[in-house]
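Participant: Below are the sequence and a predicted model; questions follow.
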Amino acid sequence: MIRKLAILGILLLGVASSAWAARRVTVQQLDLLLDEYKGQSDGKVASQLLELTLTERATSSRLTQWEKKFPGRHCHEVLVALVDASSFLELPESEKLPTPNPSPEEARAILEKTIAYVNETGTRLPNFLATRKTEYYEDNPPTQSSHVDNGMSNVIGRRGAYSVPSVSQSSTSNLPIHIVNHATESVSYRDGYEIRGTKRLDPSQMIQPGMGLTTVGEFGPILNVVFPDAIRNKMYWGYWEQGVNGVEAVFRYKVLAADSHYMVKMPKGTQMESIVPAYHGEIAIDPTTGAIMRISVIADLVPPYELVNEAIMVDYGSVPLGGSSYICPVKGVAMAVMPMGDPTSDAVAIQTQLNDVAFTDYHLFRSESRILPATETGSDAPPPAAPPQ
């Protein structure tokens, strides 16, 4: 019997929650608004952006363009939140490439390359070190009184992934989504396992309340769970997209609950309830190599958790390591939208939590040593010269 595995998740149905009314704009409309904002102060532009929410997916390339125009700290925070929150929406039709759709045979050939790629991912990557930078965002919806906030803590490990509620005291203030914390840590990948500090990550030990929204497992486990589920269920052609490193073939998929290996843990009283929902999303593939360049996972939760939305998105890119290039995660987005308090009860407010994760500073993990000549005295002095002949 196949063991049920899990993947992280968070879904956004629009950045705005019930906490505030946001003006809905397309990517093109936001582009035009930013042109109008030129010359204004960082704080003023940011305050105007807080009143907006995107109705389409904005790419990482688009975010880079916008941040070049508005490099201030406040604009950075709001633009990242806007773009990350749009990660699970439809790409604008104008940005889908007009290239003819592949024939069924051509699409099948791409997926066959991806099957081989996923099967080899765990053994392909060398041992390496990287830096993981996380910016934590959340909103503060209005509440009648202080109460417990059950956010989602999401964990993926070598053997699966989990979504876990965290507990913290909420604020009665009414604030749009904003940055609340940030963290930088070193991560390493050795012998097929992700390691933080000196400890190999074990998902079963990380399922603890109070952790906040967090993710692990972007280096391979998410691919080994989602892609096989998608292939066994419904996977169909989406569109061609221009990626950072070239054209990408985007497939869409839907996985039934009966075939799902995606686990979500929800609070039920003082206990944790494990559910295995249906889910869907997109997988962007390099059609030449079969490498997965972007993957999104969106849970389809049913009563009594219909108010809970969750999804995850990971962008991959070519990273130089030891004179060779490897496909590694470069960006991740984790997002949770759920009632504050017991998710099965009548919600007083809906809170959004979002993590923006960047993976940088990749380099091979190596141990180095030098062999020095020894002396009889054990000192560092050089050995005596040979006697004259």
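Facilitator: All right, it came through fine.
Participant: the longest helix in the protein is where?
Facilitator: The helix that spans the most residues within the chain, counting by DSSP state H, is helix 104-124.
Participant: moving C-terminal of that one, what's the next helix or strand?
Facilitator: Scanning the chain past helix 104-124 towards its C-terminal end, the next helix or strand to appear is strand 128-140 (assignment: DSSP states H and E).
Participant: Give me the helices and strands touching that following strand, please.
Facilitator: Contact partners of strand 128-140 among helices and strands, from 3 or more CB pairs under 8 Å, 6 or more residues apart in numbering; DSSP states H and E: helix 73-85, strand 175-190, strand 350-364. Backbone N, C-alpha and C define where each C-beta goes, glycine included.
Participant: Would you mind finding the most buried of those?
Facilitator: Most buried of the helices and strands packed on strand 128-140 by mean neighbour count (mean count of other CB atoms under 10 Å) is helix 73-85; its value is a mean of 22.
Participant: Can you give the contact residues for that helix?
Facilitator: Helix 73-85 is contacted from outside by 12, 14-15, 30, 42-43, 45-46, 49-50, 52-54, 58-60, 62-63, 66-67, 70, 135, 137, 177-179, 333, 335, 352, 354, 356, using CB atoms under 8 Å, 6 or more residues apart in numbering.
Participant: May I have the residues that are in contact with P71?
Facilitator: P71 makes contact with no residue, according to CB under 8 Å, 6+ apart.
Participant: I misspoke; the intended subject was A249.
Facilitator: Residues in contact with A249 (CB under 8 Å, 6+ apart) are P102, A107, I110, W240, A284, I285, D286, P287.
Participant: Okay, it and V255: tell me how far apart.
Facilitator: A249 sits at a distance of 19 Å from V255 (criterion: CB to CB, to the nearest Å).
Participant: What of E51?
Facilitator: 36 Å.
Participant: Neighbour count: the two, which is higher?
Facilitator: Under the criterion of other CB atoms under 10 Å, the comparison of E51 against V255 puts V255 first, with 25 against 14.
Participant: Is it correct that the more buried one is in contact with N233?
Facilitator: Yes - using CB atoms under 8 Å as the test, V255 is close enough to N233 to be in contact (4.6 Å).
Participant: sorry, back to before: out of the contacts of A249, which one sits closest to S188?
Facilitator: Of all the contacts of A249, D286 has the smallest distance to S188: 25.6 Å, by CB to CB.
Participant: And the closest residue in space to that closest one that isn't next to it in sequence, how far from V247?
Facilitator: Across the structure, with CB to CB, 6 or more residues apart in numbering as the measure, the residue nearest D286 apart from its sequence neighbours is M293 (5.7 Å). According to CB to CB, M293 and V247 sit 10 Å apart.
Participant: same thing with F219?
Facilitator: When distance is defined by CB to CB, F219 is 25 Å away from V247.
Participant: ok, now K68?
Facilitator: Taking CB to CB as the measure, K68 and V247 are separated by 24 Å.
Participant: Next: P71.
Facilitator: P71 is 30 Å from V247, where distance means CB to CB.
Participant: what's the answer for A311, then?
Facilitator: In this structure, A311 and V247 are separated by 25 Å, where distance is defined by CB to CB.
Participant: same deal with Q29?
Facilitator: Q29 is 26 Å from V247, where distance means CB to CB.
Participant: circling back: take the contacts of helix 73-85 and keep only those in strands.
Facilitator: Counting by DSSP state E, the contacts of helix 73-85 place 52-54, 135, 137, 177-179, 333, 335, 352, 354, 356 in strands.
Participant: Take those residues and lay them out in JSON lines including pLDDT and distance to G317.
Facilitator: Written out in JSON lines, the entries for the ones in strands among the contacts of helix 73-85 read as follows (pLDDT from 0 to 100; distance: CB to CB, whole Å):
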{"residue": "L52", "pLDDT": "93", "distance to G317": "28"}
{"residue": "T53", "pLDDT": "92", "distance to G317": "27"}
{"residue": "L54", "pLDDT": "96", "distance to G317": "23"}
{"residue": "E135", "pLDDT": "92", "distance to G317": "19"}
{"residue": "Y137", "pLDDT": "92", "distance to G317": "23"}
{"residue": "I177", "pLDDT": "81", "distance to G317": "26"}
{"residue": "H178", "pLDDT": "85", "distance to G317": "28"}
{"residue": "I179", "pLDDT": "88", "distance to G317": "24"}
{"residue": "V333", "pLDDT": "92", "distance to G317": "15"}
{"residue": "M335", "pLDDT": "87", "distance to G317": "21"}
{"residue": "T352", "pLDDT": "87", "distance to G317": "27"}
{"residue": "L354", "pLDDT": "91", "distance to G317": "21"}
{"residue": "D356", "pLDDT": "93", "distance to G317": "16"}
